[in-house]
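J.: Pasted the sequence and its predicted model underneath.
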Amino acid sequence: MAISEATIENIPVKPRTHTFLRFWRRFARNKLAVIALCFIIFQIIVAVFASQIAPFDPYKGDFLATWETPNRFHWLGTDDLGRDVLSRLIYGARISISVGILSQLAVALVGVPIGAIAGLRGGWLDYVVMRVIDVLSSLPTILFYILLMVALGAGFWNLILAMTLTGWIGVARLVRGQVLSLKKMDFIRASRAMGAGNFYILKKHIWRNVISNIIVAVAIGIPNAMFAEAGLSFLGLGIPAPQASWGQMIGMYDSYIRTAWHLTVFPASILALTMLSWFLVADGIRDAFDVQSNEN
């Protein structure tokens, strides 16, 4: 006799206490990941309070102070319009970090349900989803970005949309593979035998077992999205002027590397350091979720 989902809900389950605390202890063992996380938090704080922290208006030029190298008034120098490079880097953090985080959140919101439903339902739905993924995967990612940005036009939200249309593929494939593996487990079969539906299984069993892989995938995807934004802005297809982003700053002044090195070196360095920090954090999160390796 099948048991209703309401009955299943009332079955007492031993609470998982201090889950976050255990996760943090395992994460804290990776000192580089902790340092990288502190650097990322510092960057986010700077980006949020950019208007209070930036020493100058990033859009207002001083034509009496153009092409200045780093000095005591302009710590990172000025550009061809006399705009303070440090202020533009601080405001550029808003764009670069926002693109990375928001694009990956959108990717997860699209890719996770598609992959979960396709893997759990199977049949013709899974076949259709996988054929769509195969077609989109066959297209070069950067070329697809360029074509979409040419069609949509440069802009912040168009950039998020372009990354979402191409980025959900990897997350959907990851989640589908996890679901296909999990639904063969005995506890999933037992839930079905007790009358549980797909929604209950997704909420109570599948989600708990795939959330760690999703978090790691999103953490790895953020620096990749930031790099993609930098590349598109470098080509003039990303963030339009006068808004500042690190990739745009690199693209605008790469030809002046010999005479005005500070206009390219500083944004390129901060972009590289930020990407490295996100990769270190993702590596730390992956190790923290890997309980077996921590026990060993």
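T.: Okay, I see it. Residues are numbered from 1 along each chain as shown.
J.: Contacts for whichever strand or helix holds Val128 next, please.
T.: Val128 is part of helix 123-137 when elements are defined by DSSP states H and E. Helix 123-137 has contacts (CB atoms under 8 Å, 6 or more residues apart in numbering) with Ile114, Gly115, Ile117, Ala118, Gly119, Phe144, Thr166, Ile169, Ala172, Arg173, Arg176. For every residue, glycine as well, the C-beta is placed using N, CA and C.
J.: For these, give me JSON lines that also has distance to Leu136.
T.: Compiled in JSON lines, those are given as follows (distance: CB to CB, whole Å):
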{"residue": "Ile114", "distance to Leu136": "12"}
{"residue": "Gly115", "distance to Leu136": "13"}
{"residue": "Ile117", "distance to Leu136": "18"}
{"residue": "Ala118", "distance to Leu136": "14"}
{"residue": "Gly119", "distance to Leu136": "18"}
{"residue": "Phe144", "distance to Leu136": "8"}
{"residue": "Thr166", "distance to Leu136": "7"}
{"residue": "Ile169", "distance to Leu136": "5"}
{"residue": "Ala172", "distance to Leu136": "10"}
{"residue": "Arg173", "distance to Leu136": "10"}
{"residue": "Arg176", "distance to Leu136": "14"}
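J.: Please pick the buried ones from the residues you listed.
T.: Ile114, Gly115, Ile117, Ala118, Gly119, Thr166, Ile169, Ala172, Arg173, Arg176 (16 or more other CB atoms under 10 Å).
J.: May I ask which helix or strand encompasses the closest residue to Gly82 other than its chain neighbours?
T.: Spatial nearest neighbour of Gly82, chain neighbours left out: Asp62 (3.6 Å); criterion: CB to CB, 6 or more residues apart in numbering. Per DSSP H and E, Asp62 falls between elements, in no helix or strand.
J.: So for Asp62, what's the pLDDT?
T.: Confidence at Asp62, expressed as pLDDT, is 87.
J.: check contacts around it.
T.: Per CB under 8 Å, 6+ apart, neighbours of Asp62: Thr78, Gly82, Arg83.
J.: Just the ones in strands from the residues you listed, please.
T.: Taking DSSP state E, every one of the contacts of Asp62 sits outside strands.
J.: buried set for the helix or strand that contains Ser191?
T.: Secondary-structure assignment from DSSP H and E places Ser191 in helix 186-193. For helix 186-193, the neighbour count (16+ other CB under 10 Å) marks Ile188, Ser191 as buried.
J.: Quick check: of the contacts of helix 123-137, which lies closest to Leu89?
T.: Thr166 (27.8 Å; CB to CB).
J.: what's the least confident helix or strand in this protein, going by average pLDDT?
T.: Lowest by mean pLDDT, DSSP states H and E among the helices and strands of the chain is helix 5-9, with a mean of 48.
J.: what packs against whatever helix or strand comes next after it?
T.: Along the chain past helix 5-9, the next helix or strand (assigned with DSSP H and E) turns out to be helix 19-28. Counting contacts by 3 or more CB pairs under 8 Å, 6 or more residues apart in numbering; DSSP states H and E, helix 19-28 packs against helix 31-48, helix 262-289.
J.: Could you find the closest non-adjacent residue to the residue positioned nearest the centre of the chain?
T.: The residue lying closest to the centre of the chain (CA atoms, centre = their mean) is Ile222, at 2.4 Å. Closest residue in space to Ile222, ignoring its immediate chain neighbours: Gly100 at 4.1 Å, by CB to CB, 6+ apart.
J.: so where is this structure shaky, pLDDT-wise?
T.: 1-18, 198, 291-296 (pLDDT under 70).
J.: And Ala228, how far from Ala282?
T.: Using CB to CB, to the nearest Å, Ala228 is found at 16 Å from Ala282.
J.: Those two: which has the busier surroundings?
T.: Ala228 (24 against 21; other CB atoms under 10 Å).
J.: I'd like to know how far that one sits from Gln243.
T.: 17 Å.
J.: Any idea how many residues pack against the closest residue in space to Val85 that isn't next to it in sequence?
T.: Spatial nearest neighbour of Val85, excluding adjacent residues (CB to CB, 6+ apart): Leu76 at 4.1 Å. Leu76 has 20 neighbours, counted by other CB under 10 Å.
J.: Quickly find the element holding Leu76.
T.: When the helices and strands are read off by DSSP H and E, none of them contains Leu76.
J.: That one reaches Phe266, doesn't it?
T.: Yes: using CB atoms under 8 Å, Leu76 is in contact with Phe266, at 5.2 Å.
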